[in-house]
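Asker: Following is a predicted model, sequence given first.
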Amino acid sequence: MIQYMAVMAGVFGLDTCSKHMVRKKIPIGSRKQIVKNYFSLRHIKNKGMAYNIGEQKPALVLYLTTILTGSCIFQFFYALCHKKRYGHILLPAAVMLGGAFGNLYDRWRNGSVTDFLYLHLKKAPIFNVADMALAIGALWTLVLTICKK
């Protein structure tokens, strides 16, 4: 159990620290090029979800993300209690929960999520460390679940 909590705390800490540094060093709306034509840091405040979906209703987004995070917590503890059957998903679930807590904390504290990682691809969203943890954890869970069957 302690290793999963450590993973959650590590992801949460990395996300929170990276957002704090971006808020301090990069003004909102500005961009800092890292790899020319491929990757940059671009500081935005996102009151919605991916692609700013729901930006006009931040209270609804906060409510939904709180409910979804609560559901993920329940599922994590369910898997923990049924470790024999679901133990394979506990580590990726811990990664996802760390990301979910990071974005939820940002929403509760600041009313929006700080996004700053931008890949110069057509229609690519601007994202953050928590978003990466959520995506990686979800993909990891999917692969493990498919391979287990």
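Answerer: Done, it's in. Numbering: from 1, shown residues only.
Asker: Against residue 122, how distant is the spatially most central residue of the chain?
Answerer: Nearest to the geometric centre of the chain sits residue 130, at 2.5 Å (C-alpha atoms, centre = their mean). Here residue 130 is placed at a distance of 24 Å from residue 122 (C-beta to C-beta, to the nearest Å). From N, CA and C alone the C-beta is placed, and that goes for glycine too.
Asker: Skipping adjacent residues, who's closest to residue 38 in space?
Answerer: Closest residue in space to residue 38, ignoring its immediate chain neighbours: residue 120 at 5.5 Å, by C-beta to C-beta, 6 or more residues apart in numbering.
Asker: err, residue 52, not the other one
Answerer: Among residues not flanking residue 52 along the chain, residue 46 sits closest, at 6.0 Å (C-beta to C-beta, 6+ apart).
Asker: Mind pulling up the pLDDT for the one you found?
Answerer: At residue 46, the pLDDT value in this model is 92.
Asker: Contact partners for it?
Answerer: 52, 55, 112-115, 126 (C-beta atoms under 8 Å, 6 or more residues apart in numbering).
Asker: Next, the closest residue to residue 55 other than its chain neighbours: phi, psi?
Answerer: Nearest residue to residue 55 in three dimensions, chain neighbours excluded: residue 48, at 3.5 Å (C-beta to C-beta, 6+ apart). Main-chain torsions, residue 48, degrees, to the nearest 10: phi -100, psi -150.
Asker: Was I right to think the residue nearest to the centre of the chain contacts residue 13?
Answerer: No - contact criterion C-beta atoms under 8 Å: residue 130 and residue 13 do not qualify, at 11.1 Å.
Asker: Tell me where the chain has helices.
Answerer: Taking DSSP state H, the helices of the chain run over residues 2-25, 58-81, 83-86, 90-110, 129-148.
Asker: Give the other helices and strands that the first one contacts.
Answerer: The reference is to helix 2-25. Packing partners of helix 2-25 (3 or more C-beta pairs under 8 Å, 6 or more residues apart in numbering; DSSP states H and E): strand 39-46, helix 90-110, strand 113-119, helix 129-148.
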